[in-house]
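K.L.:
Structure of the sequence below:
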Amino acid sequence: MEPIQQSLKKWMKDNKQFQQRYNQMKAEVLDSSEVQRLMQENEGLDEKAVEKHLIKLYEYRTQSKNCEKCPSREECINILPGYVPSLEVEGTDIKLIYDKCRRQRSQEQQSYQKSLVSSLHMPREILEASLERMDLEDPDRGGAVAETVRYIESLGDELPAKGLYFHGPFGVGKTYFLGAIANALSDKQIPSMIIYMPEFVREMKSSIKDDSLNDKITAFKQTPVLMLDDIGAESQSAWFRDEILGSILHYRMMERLPVFFTSNYTLNELEKVLMTSSRGDVEQVKAKRITERIKQLSETVFVDGQNRRS
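P.N.:
Next comes the predicted model:
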């Protein structure tokens, strides 16, 4: 057991070091321009009142107030990363308050906007698409680019009346147009959902097993903006065409909710694809019903150009 004299000497030494650190901290706080200005602006604050809140003031003084000491949001030096301190004075009472810094607000806004664009099996490149990143050098895509720019520039804070039906050869960037429009919509706080059609069919079939089919259909019906990528590439079945796709398009047509499409087919060609099921049944009227709904929901845009997958 340590002798009492030795313990006492150690305590006195530590206490002396603490007192020195405390005095140094007090001097730094009282001499700082921020605290001097605070005392000048508030008559009730004298040195005694300031000393009472010394820890708060030291905490305030040593932190970044406008991200000036932080290389980035991830490297924030503050006690609460992403938050900056401010002082409120009521009489002789000082309150230390934390608010989100500009980088934190920007990060949250970006995260929120990304959450507005949901997808079913879409690559990251498409989810990050924008007009700024779009290749404008290919003259064969000029008409489609101009139509997309016109559409985006015409967007208000409300849902667009109709979507667009992008059709053209393989690999010319039709899906990228969807991503750019989806992100432009997110800037207007309008949510959208992008679905790759072959995966959409598989998703619906698997949903039968876990009884989530109706909930998913409702979500696709009611999402503010729906985007169906590569329609006509999915395995055709009368069940999916009539009970799933037809039901969704009919609901959105009646509710005036826009749908965007991409396809390798013109609408006339798509109708021929849709009329023949995987069983070999030919049902022209039901296929015609789908393409008529697509016409009601979107304007056709031809996309040409070089194959970007080569």
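
K.L.:
what about residue 301, which SS state?
P.N.:
Residue 301 falls in the strand class when you classify it by DSSP: H, G, I helix; E, B strand; the rest coil.

K.L.:
so what pLDDT did it get?
P.N.:
Residue 301 is assigned a pLDDT of 94 by the prediction.

K.L.:
Burial check on residue 221, number of neighbours?
P.N.:
Under the neighbour criterion other Cβ atoms under 10 Å, residue 221 is assigned a count of 17. C-beta: built from backbone N, CA, C; applies to glycine.

K.L.:
Give the full set of residues in contact with it.
P.N.:
Residues touching residue 221, when contacts are defined by Cβ atoms under 8 Å, 6 or more residues apart in numbering, comprise 247, 248, 251, 252, 257.

K.L.:
could I get those residues as TSV with secondary structure, neighbour count and pLDDT?
P.N.:
Below are the contacts of residue 221 laid out as TSV (DSSP: H, G, I helix; E, B strand; the rest coil; neighbours: other Cβ atoms under 10 Å; pLDDT from 0 to 100):
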residue	secondary structure	neighbour count	pLDDT
247	helix	13	94
248	helix	23	95
251	helix	16	95
252	helix	22	95
257	coil	21	93
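
K.L.:
Out of those residues, which comes closest to residue 186?
P.N.:
Within the set of the contacts of residue 221, residue 257 lies nearest residue 186; the separation is 16.7 Å, counting by Cβ to Cβ.

K.L.:
and that closest one, what does it touch?
P.N.:
Remark: with contacts taken as Cβ under 8 Å, 6+ apart, residue 257 is in contact with 159, 221, 222, 223, 224, 225, 226, 251.

K.L.:
hang on, the second one is in a helix, isn't it?
P.N.:
Translated: residue 221. Yes - following the definition three-state DSSP, residue 221 is counted among the residues of a helix.

K.L.:
Would you check how far apart it and residue 267 are?
P.N.:
Remark: distance between residue 221 and residue 267 (Cβ to Cβ, to the nearest Å) = 22 Å.

K.L.:
ok, which stretches of the chain are helices?
P.N.:
Secondary structure of the chain (DSSP state H): helices at 4-31, 33-41, 47-52, 54-61, 102-115, 124-127, 142-153, 174-187, 197-207, 213-222, 238-239, 246-255, 267-275, 284-297.

K.L.:
most packed of those helices?
P.N.:
With neighbours taken as mean count of other Cβ atoms under 10 Å, the helices of the chain reach their highest mean count in helix 174-187, at a mean of 23.

K.L.:
before we move on, back to that, the helices of the chain: which one's closest to residue 73?
P.N.:
helix 102-115 (4.1 Å).

K.L.:
so for the closest one, what's the average pLDDT?
P.N.:
Confidence over helix 102-115 (mean pLDDT, whole number) is 74.

K.L.:
Stretch 19-35 now?
P.N.:
Confidence over stretch 19-35 (mean pLDDT, whole number) is 78.

K.L.:
Give me the residues contacting that stretch.
P.N.:
Stretch 19-35 is contacted from outside by 36, 47, 50, 51, 54, 57, 58, 60, 61, using Cβ under 8 Å, 6+ apart.

K.L.:
Report the two of these separated the most.
P.N.:
Largest separation among those by Cβ to Cβ: 47 and 60, giving 16.8 Å.

K.L.:
Pick out whichever of the contacts of residue 257 sits closest to residue 128.
P.N.:
Closest approach to residue 128 among those (Cβ to Cβ): residue 225, at 17.7 Å.

K.L.:
Give the bridge partners for the closest one, please.
P.N.:
Taking DSSP bridges as the rule, residue 225 bridges to residue 192.

K.L.:
Model confidence at it, what's the number?
P.N.:
In this model, residue 225 is scored at 92, pLDDT.

K.L.:
now do residue 153
P.N.:
87.

K.L.:
That one and residue 175: what is the separation?
P.N.:
Counting by Cβ to Cβ, the gap between residue 153 and residue 175 amounts to 21 Å.

K.L.:
Count the residues that sit near residue 166.
P.N.:
Residue 166 has 27 neighbouring residues, counting by other Cβ under 10 Å.

K.L.:
swap in residue 157?
P.N.:
Other residues near residue 157 number 7, with proximity taken as other Cβ under 10 Å.

K.L.:
Alright, I will stop here.
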